[in-house]
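Q: Would you be able to build a 3D model of this:
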Amino acid sequence: MQILIHNSQYFHQKYGGVSRYSSCLLKNLAKKKLDINLIAPIYKNRYLKDIKNIKKKGFYLPKYPNLKILRVLNNRLIELYKKNIKADVIHDLYYPENEKNYLKKKVITIHDTIHEKFNHLYKDNYYEFRKKIIEKTDKFICVSENTRQDFIEYYKINEDRTCVITHGYEHLSDIETIDISKFEKLKKPFLLYVGGRLKYKNFKLLAEAFAKTNKINENFNIVCYGGEKFSNEEFSYFKKLGIEKKIIKLNGSDSLLKSLYINCELLISTSEYEGFGITILEAIYLNCKVLSNEINVFKNIYKDSINYFRFNNLDHLIYQLENIIIKRKNNINQIDINQILLNNNWESSGNKTYEIYKSLANV
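A: Here you go, the predicted structure:
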């Protein structure tokens, strides 16, 4: 069975949740009896760079300017590969950037409906473009039941064309930790925030809560790992709150990320919406306490394995921070944790994706 795989985000992301999913899935698919061609003409993604045992068509460049001409060239090469490479199934691991029909069975992974739900926060409207792509696609892999239901609602498609295949956590199992005590910035106890902070990610809510509870901000810092650089607007906001010296920005390797999970006091998510929330799963696997905005997708996936604060409620966020950190009350269910790790792993994701390919290719 011949499979052609593509992820448009490999051109844009050096790191990120979508490319993390893609690389972990590919490593598991590589164990199957599949002839896989991965197309990424120009890419800077570090996860993809480290993938072995799969035919990759493309060139790794650690850094390049975000020029329109490069993007056009990349997409043109993708079109040529999709047209000319023999394959039973094409799997786009994220929405492609063109809507051409290649007369092959097609699968797309749907990670969330953020652009549809929060379209007012984005300058581009993706709905009509994505709708054209959806019309030409045979099967949709959704990363959670919540994402599947939202996707069906927005695009009015038959649910038989969809399935749910979740993420895993094993990508951190073989990663060595590092001694973070050598980092001067990490000598003080800290709370951890991972990923983007803007728009629906709602990080300002955490900053305000942190500033308003002296019991915590006098004894802890906040470490922001990954995501955007602090903008002047963000820094001015932190300064206004009087916490600009207590919020630390870090980037780095998986070794650093794993070490931060293990050594932090608490992982916090203030996001108003997610497709799956892989950082939560990573934290659970590493026995890291979690406090999250109470959103449906997390309640459905993670149940009572993590702590919640009432949706966007500043006072309850402060209460929960003090309850967990100062009073040491971590109200989680170990049975739920064990079941979550059992149900959400990359081996299962690879097996289920393989079955989708077989059904489409009639193997």
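Q: Skipping its backbone neighbours, what lies nearest residue 133 in space?
A: residue 99 (5.1 Å; C-beta to C-beta, 6 or more residues apart in numbering). In this view, the C-beta of every residue, glycine as well, is placed from N, C-alpha and C.
Q: Correct me if wrong, but that neighbour is in a strand.
A: No - going by DSSP: H, G, I helix; E, B strand; the rest coil, the assignment for residue 99 is coil, not a strand.
Q: Could you shift the numbering so residue one becomes 28, and keep it that way?
A: Sure thing, new numbering starts at 28, so read that last one as residue 126.
Q: from memory residue 163 sits against residue 126, does it?
A: Yes - contact criterion C-beta atoms under 8 Å: residue 163 and residue 126 qualify, at 7.0 Å.
Q: any idea how far residue 365 is from residue 330?
A: Separation of residue 365 from residue 330 (C-beta to C-beta, to the nearest Å): 12 Å.
Q: Kindly apply the preceding question to residue 374 instead.
A: Distance, residue 374 to residue 330, using C-beta to C-beta: 22 Å.
Q: Of these two, which one has the most company?
A: Set residue 374 next to residue 330 and count neighbours by other C-beta atoms under 10 Å: residue 330 wins out with 15 against 12.
Q: mind listing what residue 131 touches?
A: Going by C-beta atoms under 8 Å, 6 or more residues apart in numbering, residue 131 touches 31, 114-117.
Q: what do you get if the cut-off is 6 Å, keeping everything else the same?
A: Applying C-beta atoms under 6 Å, 6 or more residues apart in numbering, we find residue 131 in contact with 114, 117.
Q: tell me the phi and psi of it?
A: Per-residue torsions, residue 131: phi -130, psi 160 (degrees, to the nearest 10).
Q: do the same with residue 136
A: Dihedral angles phi and psi of residue 136 (degrees, to the nearest 10) take the values phi -90, psi 130.
Q: doesn't residue 167 make contact with it?
A: No - counting by C-beta atoms under 6 Å, residue 136 does not reach residue 167; the two are 7.7 Å apart.
Q: what sits opposite residue 277 in the beta ladder?
A: When bridges are called by DSSP bridges, residue 277 pairs up with residue 252.
Q: Quick check on residue 189: phi, psi?
A: Taking degrees, to the nearest 10, you get phi -120, psi 160 for the backbone angles of residue 189.
Q: Spit out the contact partners of it.
A: 167, 169, 175.
Q: Repeat the analysis, applying 10 Å as the threshold.
A: Residues in contact with residue 189 (C-beta atoms under 10 Å, 6 or more residues apart in numbering) are 137, 166-169, 172, 174-176, 178-179, 182.
Q: go on, residue 343?
A: By C-beta under 10 Å, 6+ apart, the residues touching residue 343 are 236, 321, 335-337, 350.
Q: Buried ones among those residues?
A: 236, 335-336, 350 (16 or more other C-beta atoms under 10 Å).
Q: among those residues, which are in helices?
A: Applying DSSP state H to the buried ones among the contacts of residue 343, the entries found in helices are 236, 350.
Q: Of the buried ones among the contacts of residue 343, which pair is most distant in space?
A: 236 and 335 (14.1 Å; C-beta to C-beta).
Q: And stretch 33-41, end to end?
A: Its start and end residues considered, stretch 33-41 measures 16 Å (C-alpha to C-alpha, to the nearest Å).
Q: Please apply the same query to stretch 209-227.
A: Counting by C-alpha to C-alpha, you get 34 Å between the two ends of stretch 209-227.
Q: ok, now stretch 77-86?
A: With C-alpha to C-alpha applied, stretch 77-86 spans 13 Å between its terminal residues.
Q: Name the residues of that stretch that come out as buried.
A: 78, 81, 83, 85.
Q: again, but for stretch 299-317
A: For stretch 299-317, burial by neighbour count (16+ other C-beta under 10 Å) applies to 299-313, 315-317.
Q: hey, C-alpha coordinates of that stretch in PDB?
A: Written as PDB, here are the backbone C-alpha positions of stretch 299-317 (Å, rounded to 0.1, in the frame of the first residue of the first chain):
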ATOM      1  CA  GLU A 299     -10.700  29.100  26.000                       C
ATOM      2  CA  TYR A 300     -10.700  26.300  23.400                       C
ATOM      3  CA  GLU A 301      -8.500  23.400  22.300                       C
ATOM      4  CA  GLY A 302      -8.700  20.500  19.900                       C
ATOM      5  CA  PHE A 303      -7.000  18.100  22.200                       C
ATOM      6  CA  GLY A 304      -4.400  19.700  24.500                       C
ATOM      7  CA  ILE A 305      -1.300  17.500  24.200                       C
ATOM      8  CA  THR A 306       0.500  19.500  26.800                       C
ATOM      9  CA  ILE A 307      -2.000  18.300  29.400                       C
ATOM     10  CA  LEU A 308      -1.400  14.700  28.400                       C
ATOM     11  CA  GLU A 309       2.400  15.200  28.600                       C
ATOM     12  CA  ALA A 310       2.100  16.700  32.100                       C
ATOM     13  CA  ILE A 311      -0.200  13.900  33.300                       C
ATOM     14  CA  TYR A 312       2.300  11.300  32.000                       C
ATOM     15  CA  LEU A 313       5.100  13.000  34.000                       C
ATOM     16  CA  ASN A 314       3.100  13.300  37.200                       C
ATOM     17  CA  CYS A 315       2.900  17.100  36.900                       C
ATOM     18  CA  LYS A 316      -0.100  18.800  38.600                       C
ATOM     19  CA  VAL A 317      -2.400  20.600  36.200                       C
END
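Q: what's the average pLDDT for it?
A: Throughout stretch 299-317, pLDDT has a mean value of 97.
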